[in-house]
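[1] Just to be clear, the model below is a prediction. Sequence and coordinates:
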Amino acid sequence: MNFDSGKESNDRLEQLIRTRRSVFPKSFTEEPIDDSLIEEMIAAANWAPTHRLTQPWRFVVIQGEARKRFAEFLLAYYDENTPEADRSEMKRKKTYDKPIRSQAIIAICMRRDPKQSVPEWEEVASVGAAVQNLWLTVHAHGLGGYWSSPGSIHAVGPFLGLEDDTRCLGYFYLGHHDQPLKEGVRDPWQEKVKWIKK
Ligand SMILES: Cc1cc2nc3c(=O)[nH]c(=O)nc-3n(C[C@H](O)[C@H](O)[C@H](O)COP(=O)(O)O)c2cc1C
């Protein structure tokens, strides 16, 4: 397969990368999402770079009625892990509402290569690259989402039916939204690079 490396195509790619934003469930509409879009997102994720082709990214898609069970799991986790004095009804409601307001939640998981042929950090890095592919695909379709990484990711394995060699690195909340995208905030890239030429 060839790639059109013309200026127009590069400009579009740069614009897509620059304008991708975290979009939160409070901005989501109730418009449903076709499974074909989720398949496209995961197919894009599957093209991430991966050392020794370990392909560590794994995804669990939570949709429909299962969102309610997931919301209940999150709420129970919050209640069990927050001292009573610190619990707030507002936080409880927010925790519960997030999956309900999303059309799908995609659990971002990492399967450790059984041969451990690469260090674990390389597997995590590879999953991060996969999520960027997924996220850009979401953005290209005009939908929104964000990567959430609360403490419950360390306890969600049984809910997701994960094997012992697989762990959850976050939840990607996904939905249509009707909000203008926020301006992105980044320090200048020039501050983050050092050139060595001699
Ligand atoms: C690994 C990872 C974990 C993240 N976890 C959270 C999170 O738990 N809560 C949250 O609000 N945002 C989370 N984010 C989203 C970042 O806050 C967001 O990407 C950042 O503020 C930059 O905004 P932008 O995505 O709109 O450019 C996470 C992002 C990454 C890459």
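    Structure's in. What do you need? Numbering: from 1, shown residues only.
[2] Just the residues contacting the lowest-mean-pLDDT helix or strand in the chain, thanks.
    Counting by mean pLDDT, DSSP states H and E, the weakest-scoring helix or strand in the chain turns out to be helix 7-19, with a mean of 94. The contact list for helix 7-19, computed with CB atoms under 8 Å, 6 or more residues apart in numbering, reads F3, L136, H139, A140, L181, G184. Backbone N, C-alpha and C define where each C-beta goes, glycine included.
[3] other SSEs contacting the top helix by length along the chain?
    Identified as the longest helix of the chain according to DSSP state H is helix 120-140. Where contact means 3 or more CB pairs under 8 Å, 6 or more residues apart in numbering; DSSP states H and E, helix 120-140 is packed against helix 7-19, helix 35-45, strand 57-63, strand 104-111, strand 144-148, strand 166-175.
[4] Ok, which of the ones you listed comes nearest the ligand?
    Nearest of the helices and strands packed on helix 120-140 to the ligand, taken as CB to the nearest ligand atom: strand 144-148 at 4.2 Å.
[5] just the angle between that closest one and helix 120-140, please?
    Counting by axes from the mean of the first three to the mean of the last three CA atoms, to 10 degrees, strand 144-148 points 160 degrees away from the direction of helix 120-140.
[6] Which elements pack onto strand 144-148?
    Using 3+ CB pairs under 8 Å, 6+ apart: strand 144-148 touches helix 120-140, strand 166-175.
[7] The shortest one pairs with which strands, parallel or anti?
    Listed by DSSP bridges, the sheet partners of strand 166-175 and their directions read strand 104-111 (antiparallel), strand 144-148 (antiparallel).
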